[in-house]
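> coordinates for the following, if possible.
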Amino acid sequence: MKRFMLWAISLLISIEVYAQNTSVKQYIDSFKDVAMKEMIDFKIPASITLAQGLLESGSGNSRLAKEGNNHFGIKCKKEWTGCTILEDDDALQECFRCYSNPRESYYDHSKFLRENRRYGPLFTLSINDYKAWANGLLTAGYATNPKYAELLVSTIERNKLMLFDSMVLNGYIPFNAKLEPNIQIVDNQVPSSMAKKLESPDQFAKEHNSSEKKILKYNDLPENTIIEPGEVLYLKPKKKKASVPTHLVQMGETMWLISQKYAVKLNSLYRKNLMDEGTEPKPGVVLQLQDKASIRPDTGRLIDKAQKTHIVLMGETLYAISKKYGVSVEDLKSANQLSTDQISRGQELIVPDSQQNYLLYEVKSGDTLFGISRKFGKKVEEIKNWNQMVNDGLQLGQKLKIYP
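Next up is the predicted model:
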């Protein structure tokens, strides 16, 4: 076994020689362990999964992969109730699934193959016969390109992806480092368990002789949640008050994480602190965990009740929310004082007036007003009027309003 592992490690290094370019190398390095984990959990060759991810995401460079974390081009279908992203495919602006991170995409892809009867014959094949799997996918109608199997096989062989199949079959276990819990629980005598792998609430519930409905309810989680490795979840209802009186909010903590830390119901935590559900306290704020607060803590901003707001669900992206309300991502970021595209589950976002129906274009190196006008099919003078420009000069990073 040790001899094999040394050989495997040396071949892992040699993969960089075979990869076609830096993007391919980076993609393989980023997702090889994820693909091997899927091989262990779903009995799909890691080489096949990686090759599909490489081909279908353009080595992670496609818009679906970058903006929606969708690496396999899985469309919404009627059963999908999570976030979505629109992209031209067989028809214009088709609905595709989006995810909060790429690992969820890999998990959903494996689940899609495993649970679809069309692909049942694949799981009768030898797990280390990647050629049979490639042909089986084409026969089952996974892709319309008649050369899809050839593309998979050539991608696998060119990048030596079959090595990862051999590593799993010889006992290699990815992510085998000690898993740390996402929170340190302050004892409130409520039984809990830490998730050991990426899974659905239903799978987690079955492992603990419970039901998905109960797990979601006990942990204040929405439907379509994917449980992350290391996430601590409760197996019985949380309580109305904690075992300690207060909590000092740290950077990055949310009300949901705090409610999990102390095993306190999320709605109770909001009520005790006179806060609107969905708002978040600023770091340094002291929250009440037992008694009712006398004043509302600082949430960093006041929300006008006349304004439209949106509570972020698990897996939602700013792009998906912008499409839902017909506003631009830049307008969402501006309205909520966001410096990045990162948002978290349970966060409340102000949705700006959709009558501001324009997009913001960021000026890049080499851009000219004439070039931008051609790009969007507008007149130079229109763009200048919309942005109150007195001349044709542009600055790198300048944001220009472009109306439809």
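> okay, strands next: where are they in the stretch 201-350 of the chain?
232-234, 246-248, 286-288, 308-311, 348-351 (DSSP state E, counting those that start in this stretch).
> quick one, what contacts Thr299?
Met275, Thr279, Glu280, Pro281, Lys282 (Cβ atoms under 8 Å, 6 or more residues apart in numbering). (Each C-beta comes from the backbone N, C-alpha and C, glycine too.)
> er, Asn336 actually
For Asn336, the contact set (Cβ under 8 Å, 6+ apart) comprises Leu349, Ile350.
> how near is it to Ser322?
Noted for Asn336: a distance of 12 Å to Ser322, by Cβ to Cβ, to the nearest Å.
> equivalent analysis for Lys241, please.
39 Å.
> and for Lys261?
32 Å.
> and what of Thr49?
Relative to Ser322, Thr49 is positioned 31 Å away (Cβ to Cβ).
> the more surrounded of the two?
Thr49 (28 against 19; other Cβ atoms under 10 Å).
> what sits against the closest residue to Tyr319 other than its chain neighbours?
Of all residues not flanking Tyr319 in the chain, Glu67 sits nearest, at 4.8 Å (Cβ to Cβ, 6 or more residues apart in numbering). Listed by Cβ under 8 Å, 6+ apart, the contact set of Glu67 reads Ile85, Cys98, Thr317, Tyr319.
> please identify the helix or strand for the first one.
In this case it means Ile85. Under the criterion of DSSP states H and E, Ile85 resides in strand 84-87.
> tell me the helices and strands packed up against that strand.
helix 63-68, strand 94-97, helix 318-325 (3 or more Cβ pairs under 8 Å, 6 or more residues apart in numbering; DSSP states H and E).
> how about Gly141, what does it touch?
Arg118.
> do Lys75 as well
Taking Cβ under 8 Å, 6+ apart, we find Lys75 in contact with Asp89, Glu94, Cys95, Phe96, Arg97.
> report the beta-bridge partners for the second one.
On the basis of DSSP bridges, Glu94 takes part in beta bridges with Glu87.
> just list whatever residues bridge to His247.
Beta-bridge pairing for His247 (DSSP bridges): Leu287.
> these two touch, right, it and Leu257?
No: using Cβ atoms under 8 Å, His247 is not in contact with Leu257; the gap is 10.5 Å.
> out of the two, which sits in the busier spot?
Set His247 next to Leu257 and count neighbours by other Cβ under 10 Å: His247 wins out with 20 against 17.
> would you state the helices of the stretch 301-404 of the chain in chain order?
318-325, 329-335, 369-376, 380-386 (DSSP state H, counting those that start in this stretch).
> what's the per-residue pLDDT of the residue nearest to the spatial centre of the chain here?
The centre of the chain sits closest to Ser100, judged by Cα atoms, centre = their mean, with a distance of 1.5 Å. What the model reports for Ser100 is a pLDDT of 80.
> sec struct for it, please.
coil (DSSP: H, G, I helix; E, B strand; the rest coil).
> please report how far it lies from Leu55.
23 Å.
> try Thr309
Noted for Thr309: a distance of 40 Å to Leu55, by Cβ to Cβ.
> these two: which is more packed in?
Taking neighbours as other Cβ under 10 Å, Thr309 and Leu55 compare with Leu55 leading, 19 against 15.
> quick one, longest helix in this protein?
helix 22-42 (DSSP state H).
> list the buried residues in that one.
24-25, 27-28, 31-39, 41-42 (16 or more other Cβ atoms under 10 Å).
> and stretch 329-339, by the same measure?
Val329, Glu330, Asp331, Leu332, Lys333, Ala335, Asn336, Leu338.
> with pLDDT and distance to Leu137 as extra columns, can I get these in a markdown table?
A markdown table is the format used below for those (pLDDT from 0 to 100; distance: Cβ to Cβ, whole Å):
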| residue | pLDDT | distance to Leu137 |
| --- | --- | --- |
| Val329 | 78 | 35 |
| Glu330 | 76 | 40 |
| Asp331 | 77 | 41 |
| Leu332 | 79 | 38 |
| Lys333 | 78 | 40 |
| Ala335 | 71 | 44 |
| Asn336 | 71 | 42 |
| Leu338 | 72 | 40 |
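> got CSV for those residues, with distance to Leu360 too?
Below are the buried residues of stretch 329-339 laid out as CSV (distance: Cβ to Cβ, whole Å):
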residue, distance to Leu360
Val329, 8
Glu330, 4
Asp331, 7
Leu332, 11
Lys333, 9
Ala335, 12
Asn336, 15
Leu338, 14
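> residues in contact with stretch 54-62?
Residues contacting stretch 54-62 (Cβ under 8 Å, 6+ apart): 21, 23-24, 26-28, 30, 53, 64-66, 70-73, 102, 151-152, 155, 159.
> now Ala65: how far from Ile226?
Taking Cβ to Cβ as the measure, Ala65 falls 17 Å from Ile226.
> try Phe112
Taking Cβ to Cβ, one finds Phe112 at 14 Å from Ile226.
> where in the stretch 151-300 of the chain is pLDDT low?
Scanning the stretch 151-300 of the chain with the threshold set as pLDDT under 70 gives 176-178, 224, 251-252, 300.
> where exactly do the helices run in it?
Using DSSP H, counting those that start in this stretch, helices in the stretch 151-300 of the chain cover 162-169, 201-207, 212-218, 255-261, 266-272.
> if we can go back for a sec, so which of the helices and strands packed on strand 84-87 gets nearest Lys197?
Lys197 lies closest, by Cβ to Cβ, to one member of the helices and strands packed on strand 84-87: strand 94-97, at 20.6 Å.
> that'll do, ta.
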